[in-house]
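> When you get a sec, could you give me coordinates for this:
(one chain, ligands or ions: 1)
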Amino acid sequence: MAITTQTSPELQAAQAYVNEVYETVKKRNPGESEFHQAVKEILDSLVPVFAKNPKYKNNAILERIVEPERLITFRVPWVDDQGNVQVNRGFRVQFNSAIGPYKGGLRFHPSVNASIIKFLGFEQIFKNSLTGQPIGGGKGGSDFDPKGKSDNEVMKFTQSFMTELSKYIGPDTDVPAGDIGVGAREIGYMFGQYKRLRGGNEAGVLTGKGLTYGGSLTRTEATGYGLVYFTDEMLKTKGESFAGKTVVVSGSGNVSIYAIEKAQQLGAKVVACSDSNGYVYDKNGIDLETVKRLKEVERKRIKEYVSTHPSAEYHEGCENIWNIPCDIALPCATQNEINEDAAKTLVANGVKFVAEGANMPSTLEAIEVYLSNDVYFGPAKAANAGGVAVSALEMAQNSARLAWTFEEVDAKLQDIMKNIYRNSVNAAEQYGHAGNLVVGSNIAGFLKVADTMVAHGVV
Ligand code: NDP
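So this is what the prediction gives:
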């Protein structure tokens, strides 16, 4: 996808090679559709690179990069509030450590399986490289569902999870963070258990920590703010700005809340957000303080929003959120939340910019629809890299045993997002796909990792 018809013999040979590697990935990882999708998107973007640089094929970089260095799965037994023994499954994929320690979040959601963790870990390699920081790619999680669980149950589960995970992580080897279902509470319990097991305070082993024990200012806001900084660069390229734009943001979790906050600060009107049950449409603009109270404090459903905002509408089911006309769509909930039909509806209703806060929220078909309809598209691994970038800044502060101010970290985040944008634009141009940020971000992320793998020899 996203690649015009290959014409030169070099491009044709590169496409044939990439197709062959992709077929092998499908055969060796049967049934893992999300992982196949993530690999397909990246491999197709790399065709121009393989056409120009034989050294990557000669060093089997592609064959090696699609194979995780390690995939760990483990049993997570714990006792619920009724005294029953529960058993979940834990995962950590340590995908690629060429440019630094494995880095990537932990997701707690019933849908978590090897395919989801591998797609996220694979994407993370290129995203982390794009940030310009020395971090490799990893990801993990569990099929545990924190929804409806007491604090005590969440603590019991996370302690059991960390007891096993602690064998494989460390400040210089693998540094997990949060993701869906893993926020400040879960990170706090996991850090406490890790510290207890190690008998020492290794602050840099997790990021997203509380501010009283080594967390970084701006980490909570980083993914959402970074998404809006990136989108702002896209807007500027087209001579536009957030001021006066109508924006739809899906989800109402960490990424969504801070994307809404920054978009509103820049003068946009955000008219909708959602959770996994449904969405709210508020033509007057979403009242973010209410969303924060419901989601960050009371852990309630988004439908409660309308009880204090009678002018707003609640709709059961979240997929129709993309029927709301908007100038800018920021999907910030989960993978594959925008399919081909939803993308066509967005286009028919006049969307001009789509930037991804969630990981892989658009299907490959949806991306085709954006690209063929002149929608300027910011793919996840570039647009949502602000979270991991500030995680790396948290690691740096932990190593130096100091803490930067909110303004210092925010300024660094803005610089990083601008650099990611510029590098993606430049790579797209250099490889003949000007304006295509999918191709640009994949190539820019790939080159640094690939060159490092060549330098390290066959390991
Ligand atoms: P949260 O758990 O804080 O919020 C997730 C939001 O998405 C919630 O509103 C949730 O609703 C909704 N959601 C989750 N699963 C589904 C689903 N299957 N269908 C519809 N809605 C769903 O997670 P984050 O905000 O941290 O993460 C959101 C996305 O951003 C993920 O794709 C994540 O990988 C990505 N991301 C996160 C980063 C971070 O720093 N946190 C960094 C980079 C990417 P409900 O409450 O009902 O479950």
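> Run the chain-centre distance for the lengthiest strand in the chain.
In the chain, with assignment by DSSP state E, the single longest strand is strand 85-96. In terms of Cα atoms, centre = their mean, to the nearest Å, the centre of strand 85-96 is set 18 Å apart from its chain centre.
> same check, this time on stretch 101-109
10 Å.
> Could you quantify the relative orientation of the next helix or strand after the longest strand of the chain and strand 85-96 as an angle?
Next along the chain after strand 85-96, taking DSSP states H and E as the criterion, comes strand 102-108. If you take axes from the mean of the first three to the mean of the last three Cα atoms, to 10 degrees, strand 102-108 sits at 150 degrees to strand 85-96.
> Which positions in the longest strand of the chain come out as buried?
86, 88, 90, 91, 92, 93, 94, 95, 96 (16 or more other Cβ atoms under 10 Å). To be clear about C-beta, it is placed using only N, CA and C from the backbone, and glycine gets the same treatment.
> Now residue 209: phi and psi?
phi -70, psi 160 (degrees, to the nearest 10).
> Could you confirm residue 72 falls within a helix?
No: under DSSP: H, G, I helix; E, B strand; the rest coil, residue 72 falls outside any helix and is assigned strand.
> Which single residue of this structure ends up nearest the ligand?
Closest approach between the chain and the ligand, counting by Cβ to the nearest ligand atom: residue 253, at 1.7 Å.
> who's in contact with the residue lying closest to residue 174 once chain neighbours are set aside?
Sequence neighbours aside, residue 102 is the residue nearest to residue 174 in space, at 4.0 Å (criterion: Cβ to Cβ, 6 or more residues apart in numbering). Taking Cβ atoms under 8 Å, 6 or more residues apart in numbering, we find residue 102 in contact with 94, 95, 96, 136, 137, 138, 173, 174, 175.
> I'd like the distance from the most centrally placed residue in the chain to residue 123, if you could.
Among the residues of the chain, residue 359 comes closest to the average C-alpha position under Cα atoms, centre = their mean, at 4.0 Å. According to Cβ to Cβ, to the nearest Å, residue 359 and residue 123 sit 6 Å apart.
> which residues are in contact with both of the two?
Counting by Cβ under 8 Å, 6+ apart, the shared contacts of residue 359 and residue 123 are residue 380.
> For the residue nearest to the centre of the chain, which three-state class applies?
Residue 359 - assigned by three-state DSSP - is coil.
> tell me which strands and helices the longest helix along the chain is in contact with?
When the chain is parsed with DSSP state H, its longest helix is helix 406-430. Packing partners of helix 406-430 (3 or more Cβ pairs under 8 Å, 6 or more residues apart in numbering; DSSP states H and E): helix 114-130, helix 219-237, helix 380-383, helix 386-400, helix 437-456.
> Compute the inter-axis angle for that helix and helix 219-237.
40 degrees.
> Show me what helix 406-430 is in contact with.
In contact with helix 406-430 (Cβ under 8 Å, 6+ apart) are residues 130-132, 216-219, 221-222, 225-226, 229-230, 233-234, 237, 382, 385-386, 389-390, 393, 404, 434-437, 439-441, 443-444, 447.
> Which members of those residues are classed as buried?
Buried, going by 16+ other Cβ under 10 Å: 130-132, 216-219, 221-222, 225-226, 229-230, 233-234, 382, 385-386, 389-390, 393, 404, 436-437, 439-441, 443-444, 447, out of those.
> for the ligand, what are the nearby residues on the stretch 251-400 of the chain?
251-256, 275-277, 318, 332-334, 357-359, 384, 387 (Cβ under 6 Å from any ligand atom).
> Swap in 5 Å and give it another go.
Proximity of the stretch 251-400 of the chain to the ligand, by Cβ under 5 Å from any ligand atom, involves residues 251-255, 275-276, 318, 333-334, 358-359, 384, 387.
> Can I get those residues in CSV including pLDDT and secondary structure?
Below are those laid out as CSV (pLDDT from 0 to 100; DSSP: H, G, I helix; E, B strand; the rest coil):
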residue, pLDDT, secondary structure
251, 98, coil
252, 98, coil
253, 97, coil
254, 96, helix
255, 98, helix
275, 97, coil
276, 96, coil
318, 93, coil
333, 98, coil
334, 96, coil
358, 98, coil
359, 95, coil
384, 98, coil
387, 98, helix
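> which two in those residues are spaced the farthest apart?
Farthest pair in those (Cβ to Cβ) is 318 and 387. Separation: 21.9 Å.
> which one of those two has more residues nearby?
The residue with more neighbours, out of residue 318 and residue 387, is residue 387; 29 against 20, by other Cβ atoms under 10 Å.
> OK, contacts around the more buried one?
Applying Cβ under 8 Å, 6+ apart, the residues contacting residue 387 are 105, 177, 219, 222, 223, 226, 255.
> Tell me the helix or strand right after the helix or strand hosting residue 292.
According to DSSP H and E, residue 292 maps onto helix 288-292. Sequence-wise, the next helix or strand downstream of helix 288-292 (DSSP H and E) is helix 305-308.
> Now the closest residue in space to residue 211 that isn't next to it in sequence. Its backbone dihedrals?
Leaving aside its sequence neighbours, residue 211 sits nearest to residue 217 (Cβ to Cβ, 6+ apart; 6.8 Å). Dihedral angles of residue 217 (phi, psi; degrees, to the nearest 10) stand at phi -60, psi 150.
> My read is that residue 217 contacts residue 394, right?
No: the pair residue 217 / residue 394 is not scored as a contact, 9.4 Å apart, by Cβ atoms under 8 Å.
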